[in-house]
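> Curious how this folds, go ahead:
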Amino acid sequence: QVQLVESGGGLAQAGGSLRLSCATSGRTFRNYNMGWFRQAPGKERELVAAIKWSGDSTHYVDSVKGRFTISRDNAKNTMYLQMNSLKPEDTAVYLCAASVVWLGTRRYEYDYWGQGTQVTVSS
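Numbers count the residues shown, from 1 in each chain. As a prediction, the model looks like this:
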């Protein structure tokens, strides 16, 4: 069993930055590929960024490339999402998820989910 808890969300102005964290319990964090998803009202949940269990491969959706950076610290059982140059369209609930599948984009491909943290970007 893996429990995921997100933190670091909040209100930011356009052009600003936020850093999200996803703290996990258990000793098996290093066995999982991790992803950050986001879901805005009325929109489908989308994979924003993913990082392989080893940390040596990452993936970003085109809309955040060059602005967001995903990373993980297996010693601390924690994953991060550094979000820079934020835009109003980044406003959403951000959720972290763990999967044995690499680059899964669908909910059912992820075994564990956090409860989400709200990110709101004002113009």
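
> do you know how far the residue nearest to residue 74 when sequence neighbours are not counted is from residue 76?
Leaving aside its chain neighbours, residue 74 sits nearest to residue 30 (4.3 Å; criterion: CB to CB, 6 or more residues apart in numbering). C-beta: built from backbone N, CA, C; applies to glycine. Going from residue 30 to residue 76 by CB to CB, to the nearest Å gives 11 Å.

> Tell me which other helices or strands the helix or strand encompassing residue 93 touches.
Taking DSSP states H and E as the definition, one finds residue 93 inside strand 92-99. Counting by 3 or more CB pairs under 8 Å, 6 or more residues apart in numbering; DSSP states H and E, the packing neighbours recorded for strand 92-99 are strand 4-7, strand 18-24, strand 33-39, strand 112-113, strand 117-122.

> For the residue nearest to residue 74, the count of nearby residues, please.
Each residue near residue 30 was counted by other CB atoms under 10 Å, and the total is 13.
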